[in-house]
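[1] below: sequence and its predicted model.
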Amino acid sequence: MPAPRKYPDELRERAVREVRTTGRPIAHVAKDLGIHKEALRGWVRQAEADHGQRDDRLTTAEHDELKQLRKENAELKRANEILKAASVFFAQEIDRPRTRPSR
């Protein structure tokens, strides 16, 4: 479960919108809204990536997809390890000589 966000989504959207529409420096907007300037800088960069204005970051959708694919990949690796262990176990069972039970 992800950690709770320090700033509400509405505040994030409002801060990014103010930086983009007014052209004011990020540090000034952050100070006015009581936000850490580096947090606001990251939000603005992410918003720019989401709108196709930056190529150096993944969009939010791409990031979510990558996260899901990594999770799925880890699950498949675990399943493969279980299957490998099971195949080794059954191969050993097949290779054991069969003896008749004594009467």
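    Sure thing, it's come through. Numbering: from 1, shown residues only.
[2] okay, and the most centrally placed residue in the chain sits in which element?
    By CA atoms, centre = their mean, the chain has its centre lying nearest to Lys67, at 3.6 Å. Element membership of Lys67, judged by DSSP states H and E, is helix 60-95.
[3] give me the helices and strands touching that helix, please.
    Helix 60-95 is packed against helix 37-50, with contacts defined by 3 or more CB pairs under 8 Å, 6 or more residues apart in numbering; DSSP states H and E. For the C-beta atoms, the positions are set from N, CA and C on the backbone; glycine is no exception.
[4] the helix it packs on: which residues count as buried?
    The neighbour-count criterion (16 or more other CB atoms under 10 Å) identifies 40, 43-50 as the buried residues of helix 37-50.
[5] what's stretch 29-37 in contact with?
    Stretch 29-37 is contacted from outside by 7, 11, 14-15, 18-19, 22, 26-27, 39-40, using CB atoms under 8 Å, 6 or more residues apart in numbering.
[6] what about 6 Å?
    15, 18-19, 26-27, 40 (CB atoms under 6 Å, 6 or more residues apart in numbering).
[7] considering those residues, which is situated nearest to Ala3?
    Of all the contacts of stretch 29-37, Ala3 sits closest to Leu40, with 18.8 Å by CB to CB.
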